[in-house]
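1. What follows is a predicted structure for the sequence shown.
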Amino acid sequence: AERGMEDSSLQVVEDWPAQNLGLGQVSGVAVCPAGHVHVFHRGDRVWDDSSFDDENVYQQQDLGPIQTDTVVELDPSTGDLVRSWGKGIFFLPHGLAMDGDGNYWLTDTAMHQVFKFPASGDSVPLLALGEAFQPGSDDKHFCKPADVAVDDSTGDFFVADGYCNSRIMKFSKDGSLLLQWGHPSPQGHGLSGPPPGTFSVPHSLAMARDRGEVCVADRENGRVQCFDIKEGKFTRLFREREFGGRVFAVDYNPDQGGVLHLVNGPTLVGAAMPVEGFTVRFNDGEILDTFRPTARGFSQPHDVASAPDDSAVYVVEIGPNKVWKFVPANEQPNVIL
Ligand SMILES: O=C(N[C@@H](O)C(=O)O)c1ccccc1
């Protein structure tokens, strides 16, 4: 087929990864400065209704940490395994971010902790915040922290805390708490949705560094909120009917004048909306493109990632456990008919 020169819509790359990587629930994905794809998965563990008690305490601690490598590095062109690490460390992997030096920033919802590991991977973290298996909402504890985003210009980092807190916390590169904001969304709200600055599961973070903003996938409110990174002041909101009721993950890419990639989730109530990815123009919230791996769409997309100067977008799912690669139709490998 002729390459559609004008067709820049994202299409799934067939047979990527080429091999079955045997991953568990894939909760996080990030692209490192070298353009490799890193995924965070749960091996043989799943997060289900029995994982936590009513006080948000993890119930399977006696199983010990996951005994397979939970961080897997993939070659971007073939999806082949480059390297893996993280055996014997994590209990319930969740968020994964990588900074400009290739360090890993990870959250574990069972441990209620945030970790920084070196680009080489390791068994001992460079930084560990929160108290292992102790949920809390003070300055020293998280409650199922969901994600991290790093401001490479200062080394400051942001934590989406989390499933059982409703706040964004800003830390300096050495882990000192600088700022925090956010409150649980009130139950009743009008058509315009809950007030900005309130959350219902701040689930994923994207750093729009060139804009000086950090954006949050406010999951159960089906929207993305952005805040200025200096004082945490609300700057803008993205909420479209097409998103349906839940937005699981958000990614910012400065290309194309600045876009967000986001994935929604299965509709829980009301008319089912397609489960798909969206490319949204940052300046005005216009949906530029939607993407899905098959006609049926995704099942349970959980994170999305891309990198500057790279047109690929990656999505991971927690059931079935998948890693997908999307590229613009006019960049698909040549199809000789
Ligand atoms: O949201 C949930 N899980 C996902 O986000 C995840 O697995 O990260 C969840 C919530 C309640 C019970 C069981 C699972």
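-> That came through fine.
2. When you work out contacts or count neighbours from here on, use the C-alpha atoms and nothing else.
-> OK.
3. For G188, give its distance to P195.
-> Note on G188: its distance to P195, by CA to CA, to the nearest Å, is 11 Å.
4. Settle it for me: which of the two has more neighbours?
-> Remark: of G188 and P195, P195 carries more neighbours, 13 against 7, as counted by other CA atoms under 10 Å.
5. On the secondary structure side, give me the element for the spatially most central residue of the chain.
-> Centroid-nearest residue in the chain: D303, 3.9 Å away (criterion: CA atoms, centre = their mean). According to DSSP states H and E, D303 maps onto strand 301-307.
6. Can you confirm whether that strand lies near the ligand?
-> No: using CA under 6 Å from any ligand atom, strand 301-307 stays clear of the ligand, coming no nearer than 7.1 Å.
7. Show me where the stretch 51-200 of the chain dips below the pLDDT cut-off.
-> Applying pLDDT under 70 to the stretch 51-200 of the chain flags no residue at all.
8. Which parts of it are helices?
-> Per DSSP state H, counting those that start in this stretch, the stretch 51-200 of the chain carries no helices over any range.
9. Count the neighbours of whichever residue of the chain sits closest to the ligand for me.
-> Taking CA to the nearest ligand atom, the ligand has its nearest neighbour within the chain at D48, 3.9 Å off. Close neighbours of D48, defined as other CA under 10 Å, add up to 7.
10. Let me see the backbone angles for it.
-> Note on D48: its backbone torsions stand at phi -130, psi -170 [degrees, to the nearest 10].
11. State the distance from it to L106.
-> In terms of CA to CA, D48 sits 20 Å off from L106.
12. For the residue nearest to the centre of the chain, give its distance to L178.
-> With CA to CA as the criterion, D303 and L178 are 27 Å apart.
13. Name the residues that touch the strand holding D303?
-> Residues from elsewhere that reach strand 301-307 (CA atoms under 8 Å, 6 or more residues apart in numbering): 26-33, 35, 204, 248-253, 261-265, 275, 312-319.
14. one step back: need the pLDDT of the residue of the chain closest to the ligand.
-> On the pLDDT scale, D48 is placed at 97.
15. Buried residues, stretch 188-197. List them.
-> P194, P196, G197 (16 or more other CA atoms under 10 Å).
16. so how far is that stretch from its chain's centroid?
-> 24 Å (CA atoms, centre = their mean, to the nearest Å).
17. now for that stretch, what's the gap between its first and last residues?
-> Terminal-residue distance, stretch 188-197 (CA to CA): 16 Å.
18. got a list of contacts for it?
-> W181, G182, H183, S185, P186, N221, Q225, F234, L237.
19. Go again with 10 Å.
-> Applying CA atoms under 10 Å, 6 or more residues apart in numbering, the contact partners of stretch 188-197 are 166-168, 181-187, 200, 218, 221-227, 232-237, 239.
20. Those residues, buried ones only, as a PyMOL selection?
-> Selection of buried members from the contacts of stretch 188-197 for PyMOL, criterion 16+ other CA under 10 Å:
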select buried, resi 166+167+168+181+182+184+185+200+218+221+222+223+224+225+226+227+232+234+236+237+239
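21. Return the subset of the contacts of stretch 188-197 lying in strands.
-> 167-168, 181, 183-184, 218, 223-227, 234-237 (DSSP state E).
22. okay, D7: pLDDT?
-> Model confidence at D7, expressed as pLDDT, equals 83.
23. What's the local residue count around it?
-> 12.
24. which residues does the closest residue to Q25 other than its chain neighbours bridge with?
-> Nearest residue to Q25, sequence neighbours excluded (CA to CA, 6 or more residues apart in numbering): I318, at 4.2 Å. Counting by DSSP bridges, I318 is bridged to N321.
25. again, but for R281
-> In this entry, R281 is beta-bridged to V259, by DSSP bridges.
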